[in-house]
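> Curious how this folds, go ahead:
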Amino acid sequence: MELQLAPPLGTLRPIASIHHRPKASASATAAPSTSSSLSSSEPLKPRPRLPRQSPVPRPRPGPARLPALCAAIERHAAAGRHAEALDAFRLARAAGPFMPLPPTTYHALIAAAAALREPGAAAAVAWHMESSGAETDVYTHNCVLGMYLSCGMLGEARRVFEGMPERNGVSWGIMMGGLVDRGRPRAALVLFREMWAEAGGGEAPPRAVVVAVRAATMSGSLRAGQQLHCCVIKMGPCDDGESDRYLSCALLDMYSKCGRVDLARRVFDAMMPYQRSIVAWNSMLAGYVLHGRCEEALELYHEMRRSGVAMDQFTFSTMLGVFARLGLLEHAKQAHAGLIQRGLLLDIVGNTALVDLYCKWGRMEDARNVFERMPKRNLISWNALVAGYGYHGMGDIAIEMFKRLIAEGITPNHVTFLAVLNACRFSGLVDKGKRIFQLMAQNPKTKPRAMHYACVIELFGREGLLDEAYSMIRRAPFTPTANMWGALLTASKVHKNMHLAKLAAEQLLAIEPEKINNYAVLLNLYISSGRQDDACKVVETMKKKGLCISNACSWVTVKKKDHRFFFKDSLHPQCAEIYRRLDALMKEVKEAGYVVEENELLPDVHPDEQNISRAYHSERLAIAFGLISTSPCAPLRITQSHCLCRDCHKIIKFLTKVTKREIVVRDGSRFHHFKLGICSCGDYW
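Model (predicted):
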């Protein structure tokens, strides 16, 4: 049986124009309705025309159906079916184009249009209200105002706001909030001034003041924020405690983001204990972290724990970053355990912070486990893991992860390239570093910046290719930065090229004349090369500028308590025992083959230490205390504010040999993992 397909819809002809098809051959079979055969010469007759039936008219909705349609609109909107609510509204318009709907129906339609953020639907609802002559009160006007702002219709919202016969505090707050949300904070502040003047300059709704403080925060205007703070003080306490809490949190956040953490802390301290919600604590913690004041954030965190406030994911995410910066691994483990006990899951920010924390303490297996178990990962998560492998001398694995992220379709950014170039730098992968740098240069979107040049300069310098390193500085398409000269200085010091070291140090001093470390480096450079006259000139310059080198400081965490040590420190309660242990260790390492480093450069170390026995440097005291205060198998983790001197670096390598203890030192430049006489830095830092 042959199947005949119907023509496409666009090619259908009227029924009257369709004829019977001829038979395939002259010896045709008999027609179904007659016994006679059709002659091939007999013309075909058209199919008889059938009477056309008119379509059954669909009943149009009439006014009688309006109550049912209004009920359907309100029901759909209440259930969150906003599109269905607007469909029912179209039927209602057809039923009674100019018949007003109940106020509750209009409120449901306004909420549906605002939720869908459809300007067309918002305009249709507003037009129907106006053309039908529906009565509107202040509440309805406020709803329409919020609908327009949600749909991005600022002009229409402004016309509604200006045309309102009566405005209350909610009206001002909605209009100002819409301007802030649309990125126009200064316009919101102007509107607040109008409201303040209209109210006589003595009172304003708390919600409007909160929105105005948000506007000052977004615009970065400290002066406007302080003026608003004066308005809050002039208004006095609010009738309800919630408004005071919101105002205080808004002011705290404003001062913090405008760079005045001290004023933010004053606002926080002035809050009553019951007003210090989790939002207030988190805002104050975030303010300290934002401005790099991690020690104060840690103190506030301990105070928060003592107050009994229930912490949330944001608290843990913020503090994990603090613990990572301060190297407080035990604190981080406790915080993570507390998070698990509360049944809270870390978000992508918290998981990334945890990966970063484990990376910075060399626990790369733990970092990888957290990374692989993350439900979602972003580029920042990848960057943290790649950078971690790089900092700990695992350059090959870092490059493997870099290739994997590209294979997964993630586009690397400048931070990604910096992480993988750092990995090449720390592992001495010159050829691979060159290829990655060339890959960056070929893409206009990832054109190398000064920080990438600094990595490549140090990569060349690590391998003793000082000519290539200096050539990178000279060929840079921009003015060389302090990091670039600093990389050349490090390479020159390590490879004893005093000419290039002096050039780099002087360039650093010219770029950053107020940075104390540059004077310290240049001073130590002159002292080690025997140029006492030049060293005296540097000291005189520092005195004229009122600069002084702070003493080096190291600290170790034992039993959840930080113990700090300075050079030749004698303030610790166990001072005598520490010195006895250190003297005994010095004898052991000398027997093991240690020879003191002579004429070395000691960056970031006070010059008075150059001529005094180096046996009592702060990091050595911290290690001695750690050895007498921990179990024989526990690794020691030392953090210090300055760069490790070469003599101490050599001493610690010998100490890991004689004590069979693993020692991790985080200095001013990187992490050093000492184990059985070997350091992860490869003696280059």
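> just how off-centre is stretch 258-276 within its chain?
Relative to the centre of its chain, stretch 258-276 is centred 24 Å away, using CA atoms, centre = their mean, to the nearest Å.
> buried set for that stretch?
For stretch 258-276, burial by neighbour count (16 or more other CB atoms under 10 Å) applies to 258, 260, 261, 263, 264, 265, 267, 268, 271, 275, 276. In this view, the C-beta of every residue, glycine as well, is placed from N, C-alpha and C.
> Surely the fifth one and residue 287 touch.
Yes. The pair formed by residue 264 and residue 287 meets the contact definition of CB atoms under 8 Å, at 5.1 Å.
> Quick check: neighbours shared by the two?
Contact criterion CB atoms under 8 Å, 6 or more residues apart in numbering; residues shared by residue 264 and residue 287: 252, 253, 255, 256.
> Closest one of those to residue 124?
residue 253 (38.7 Å; CB to CB).
> just to revisit the earlier point, quick one: which of the buried residues of stretch 258-276 has the lowest pLDDT value?
Within the buried residues of stretch 258-276, residue 275 has the lowest pLDDT, namely 79.
> Grab the nearest non-local neighbour of that residue.
residue 245 (4.7 Å; CB to CB, 6 or more residues apart in numbering).
> buried stuff in whichever helix or strand that neighbour is part of?
In this assignment (DSSP states H and E), residue 245 forms part of helix 241-257. In terms of neighbour count (16+ other CB under 10 Å), helix 241-257 has its buried residues at 243-257.
> Packing partners of the worst-scoring helix or strand of the chain on mean pLDDT?
Taking mean pLDDT, DSSP states H and E as the measure, helix 516-528 is the helix or strand of the chain with the lowest mean score, a mean of 74. Packing contacts for helix 516-528, counted by 3 or more CB pairs under 8 Å, 6 or more residues apart in numbering; DSSP states H and E, involve helix 498-511, helix 532-545.
> Format the ones you listed as CSV; extra columns: mean pLDDT.
Formatted as CSV, the helices and strands packed on helix 516-528 follow (pLDDT from 0 to 100):
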stretch, mean pLDDT
helix 498-511, 87
helix 532-545, 81
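> Deepest-packed of those, please.
helix 498-511 (a mean of 19; mean count of other CB atoms under 10 Å).
> quick one: that helix to helix 532-545, angle?
10 degrees (axes from the mean of the first three to the mean of the last three CA atoms, to 10 degrees).
> Tell me where the model's unsure across the stretch 551-685 of the chain.
598-614, 668-669, 685 (pLDDT under 70).
> at 80 what do you get?
551-552, 559-560, 597-615, 641-643, 666, 668-671, 680-685 (pLDDT under 80).
> Got phi/psi on the closest residue to residue 136 other than its chain neighbours?
Leaving aside its sequence neighbours, residue 136 sits nearest to residue 129 (CB to CB, 6+ apart; 6.7 Å). Note on residue 129: backbone dihedrals following degrees, to the nearest 10 are phi -60, psi -40.
> buried set for stretch 308-319?
Under 16+ other CB under 10 Å, the buried positions of stretch 308-319 are 309, 311, 313, 314, 315, 316, 317, 318, 319.
> How about residues contacting stretch 277-285?
245, 248-249, 252-253, 256, 264-265, 268, 271, 297, 300-301, 304, 309-312, 314-315, 318-319, 322.
> Please narrow these to those residing in strands.
Counting by DSSP state E, no part of the contacts of stretch 277-285 is found in strands.
> Which ones among those residues map onto helices?
Those of the contacts of stretch 277-285 mapping onto helices are 245, 248-249, 252-253, 256, 264-265, 268, 297, 300-301, 304, 314-315, 318-319, 322, per DSSP state H.
> Residue 665: which element?
Using DSSP H and E, residue 665 maps to strand 663-666.
> buried residues in stretch 188-205?
188, 189, 191, 192, 195, 196, 204, 205.
> Rounded mean pLDDT for that stretch, please.
Confidence for stretch 188-205, expressed as mean pLDDT, is 82.
> Tell me how many other residues crowd the closest residue to residue 115 other than its chain neighbours.
Leaving aside its chain neighbours, residue 115 sits nearest to residue 82 (4.8 Å; criterion: CB to CB, 6+ apart). Neighbourhood size, residue 82 [other CB atoms under 10 Å]: 20.
> Residue 356 too?
By other CB under 10 Å, neighbour count at residue 356 equals 24.
> just residue 90 next, same as before
Look at residue 90: counted by other CB under 10 Å, it has 12 neighbours.
> ok, and it, which helix or strand is that part of?
Here residue 90, judged by DSSP H and E, is contained in helix 82-95.
> Could you list the buried residues of that helix?
82, 84, 85, 86, 88, 89, 91, 92, 93, 95.
> okay, that helix in CSV with CA atoms only?
Once non-C-alpha atoms are left out, helix 82-95 reads as follows in CSV (Å, rounded to 0.1, in the frame of the first residue of the first chain):
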residue,chain,number,x,y,z
HIS,A,82,2.9,35.0,38.2
ALA,A,83,2.7,34.3,34.5
GLU,A,84,-0.7,32.5,35.0
ALA,A,85,-1.9,35.5,36.9
LEU,A,86,-1.0,37.9,34.1
ASP,A,87,-2.7,35.5,31.6
ALA,A,88,-5.9,35.7,33.7
PHE,A,89,-5.5,39.5,33.7
ARG,A,90,-5.6,39.5,29.9
LEU,A,91,-9.0,37.7,30.0
ALA,A,92,-10.2,40.1,32.6
ARG,A,93,-9.3,43.0,30.3
ALA,A,94,-11.2,41.4,27.4
ALA,A,95,-14.2,41.0,29.7
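> can you list contacts of it?
With CB under 8 Å, 6+ apart, helix 82-95 has contacts from 60-63, 65-66, 69-70, 72-74, 76-77, 101, 108-109, 111-113, 115-116, 118, 121, 124-125, 128.
> Past that helix, which element shows up next along the chain?
helix 103-116.
> Now do that following helix against helix 82-95, angle only.
Per the same axes, to 10 degrees, the angle that helix 103-116 makes with helix 82-95 is 130 degrees.
> and helix 103-116, what does it pack onto?
helix 66-78, helix 82-95, helix 119-131, helix 138-150.
> and the angle from the first one to helix 82-95?
With the same axes, to 10 degrees as the criterion, the two stretches helix 66-78 and helix 82-95 enclose an angle of 160 degrees.
> Can you tell me the centre-most residue of the chain?
residue 349 (7.2 Å; CA atoms, centre = their mean).
> for that one, what are its contacts?
residue 317.
> Could you pull out the buried residues of whichever helix or strand it is part of?
Using DSSP H and E, the element containing residue 349 is helix 348-360. Residues 349, 350, 351, 352, 353, 354, 355, 356, 357, 358, 359, 360 are the ones in helix 348-360 that count as buried (16+ other CB under 10 Å).
> Please name every helix or strand in contact with the helix or strand following that helix.
With elements assigned by DSSP H and E, the helix or strand that comes after helix 348-360 is helix 364-373. Counting contacts by 3+ CB pairs under 8 Å, 6+ apart, helix 364-373 packs against helix 348-360, helix 379-391.
> ok and helix 364-373 relative to helix 348-360, angle-wise?
Helix 364-373 runs at 160 degrees relative to helix 348-360, counting by the same axes, to 10 degrees.
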